[in-house]
Every structure is written in C-alpha cells, then in structure tokens.
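K.L.:
Okay, structure incoming, though there's no sequence with it:
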C-alpha cells in the first residue's frame, strides 16, 4: 500500500502533524546517514553502472502484475495488472501510469513533479466486513519528489496529494535503496517510511456514522507512519527484455491496525514485470 498538502494543512491540526513528524525524525536521520556514508565511501562516477543497466533510457513496452497482501478482514490479496508502455529520457520518465518529470537537476540531485495512481480502496462486494459501506475508490496522486542517485545508491523524498478528491489526503515518504550486480542478475534491497495524514487514513480505514452496524463500530482514522522493507531482482537474460521480480514486507501504524476493518498489522506483496525496448 501510498499523500503533502497544497492549499491547506490536513485537518488533523498542527499538534498532530508535529507529533507525526517527530515520529518520522529517527527514520529520516537513519536514511540520511546511510546515504551520506554510502556516497562518501564510493567514488564520484555518477548514478553507477548497475543502476544504469536496470534503468536504461528509451521507449519500452511490456506487462506488469502486482499481488498485494491486504490487511482488511476477509480480503486476502489484491491483484493488479498494469500494461507497461513507457519512456525514460533525460527529464521525462513514464512507466505505465507512473509519470515523473525532472524540473531541476544538479549533479546527482534531481527535483521532479510526480503523478502516481493509488490502487488502495475496496468495493462493498470485496468482503463481508464492507457490507453496507460506501466504496473506497482508487485515485491519482500528484506531488513533488527529490531524488539523489549516486554510485548505485538512491535516496528519495516525495510529497503527494490525492487530486481526484477521493480522500483529499496526503502522503510524505522517504526511501533508500542500492543496486548490486552479480553477473546477469541485479539485486536492489530498499527501505521506505511513509507518513499518511488523517484524511487518507480515515477514508480508507475509517467507519462513518452511517456505516455502523452490530459488528462494525464507528471509527475515525488518524495520521499514520508505515514502514516497508523490500528487495527486487532484475535480469536481461529472458526473451531479449528486462524481467523484474520483487517482494515487499510492510508494517502498519496502530491507527490503521486498530480499525474494525482490519485484522492484520503487516502484509507481504510481490510484483512481476517484463519489458523490452521498441
């Protein structure tokens, strides 16, 4: 499972927002220290040979599939198929519905506009726990990202907001990853910490006053901080293209876990994608 505010701060108020950021500080510091240590030890040779191989430039096409373990009650997993029609250039990167455009670049540092689909949500028919509830719909997020990519390391900071008015929520996330090469196999472990504001959590995990029943009490979501660890594998050995496969394990904040709609505090997801150049 992914929004900062533009015109106004989330309704959780400045106290709650400050508290959320205090909880994020240790993770931010850890990521920054690891990134700083990695880039100071490595030489000054750009993004790195391994990262250039798994993120090549050009037009591409293919297909992707993601299977995300859900923490909603009686809703085991979500399967999403994504057609991959994309392009990676000097400033513009398009990978299916994910778009990134670099506004500014200075050495290894890049500031970009991001557009990303959000596949969260549910239909009433997905589980008995949702019976009598309004559907929570998928949406599109827009925001700004900062990326520092050097010597096969990548540090990312992104602020996103729902622009379709589904949740009107926001997300702030920070991540660190590194690509390692072992012959034709490229391995990229990474960590990501995500802050979700109250609006987002309440939309996807809250229970409104008109949705209460004997088994589903009223619940109002609050801001949450989630953590994910993942690893992806890539190789160009199959079918003259680039095949990617990866896992991600995510831990969820108490403000999400305490929802009457959930029965797990962690989930596992994986993805598989194949692409090749025109």
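P.N.:
Now that the structure is in, tell me what you want to look at. Given the structure is predicted, the values throughout are model-derived calculations rather than measurements. Numbering: from 1, shown residues only.

K.L.:
mind checking how far the most far-flung residue of the chain relative to its centre is from residue 263?
P.N.:
Residue distances from the centre of the chain (CA atoms, centre = their mean) peak at residue 214, which lies 34.5 Å from the mean C-alpha position. From residue 214 across to residue 263, the span is 17 Å (CB to CB, to the nearest Å). The way it works is simple: take the backbone N, C-alpha and C, and place the C-beta from them, glycine included.

K.L.:
and if you look at residue 200?
P.N.:
20 Å.

K.L.:
Which one's more surrounded, the two?
P.N.:
Neighbour totals were compared for residue 200 and residue 263, and residue 200 leads with 30 against 14 (other CB atoms under 10 Å).

K.L.:
Could you pull out the strands in the protein for me?
P.N.:
58-69, 77-88, 92-95, 98-106, 109-118, 139-150, 153-162, 170-178, 180-182, 185-196, 224-235, 242-251, 266-277 (DSSP state E).

K.L.:
Dump those strands into TSV; add mean neighbour count, mean pLDDT and distance to residue 257 as well.
P.N.:
Shown next, in TSV, are these (neighbours: other CB atoms under 10 Å; pLDDT from 0 to 100; distance: least, CB to CB, whole Å):
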stretch	mean neighbour count	mean pLDDT	distance to residue 257
strand 58-69	16	90	14
strand 77-88	14	86	18
strand 92-95	17	91	31
strand 98-106	14	94	28
strand 109-118	17	96	20
strand 139-150	19	96	22
strand 153-162	22	97	22
strand 170-178	21	97	18
strand 180-182	13	95	33
strand 185-196	20	97	13
strand 224-235	18	97	9
strand 242-251	17	95	9
strand 266-277	17	92	9
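
K.L.:
looking at the ones you listed, which is closest to residue 205?
P.N.:
strand 224-235 (8.5 Å; CB to CB).

K.L.:
bridging residues for the closest residue in space to residue 114 that isn't next to it in sequence?
P.N.:
The shortest distance from residue 114 to any residue other than its chain neighbours is 4.7 Å, reached at residue 145 (CB to CB, 6 or more residues apart in numbering). Counting by DSSP bridges, residue 145 is bridged to residue 112, residue 158.

K.L.:
residues touching residue 145, list them.
P.N.:
100, 111-114, 156-159 (CB atoms under 8 Å, 6 or more residues apart in numbering).

K.L.:
now do 6 Å
P.N.:
Residues near residue 145 by CB atoms under 6 Å, 6 or more residues apart in numbering: 112, 114, 158.

K.L.:
One more: residue 211?
P.N.:
residue 133.

K.L.:
Need the residues that contact stretch 51-70.
P.N.:
77-82, 84-89, 152, 179, 186, 234, 267-275, 277-278.

K.L.:
ok, now stretch 223-233?
P.N.:
Stretch 223-233 is contacted from outside by 12, 16, 20, 23, 187-198, 201, 244-253, 255-256, using CB under 6 Å, 6+ apart.
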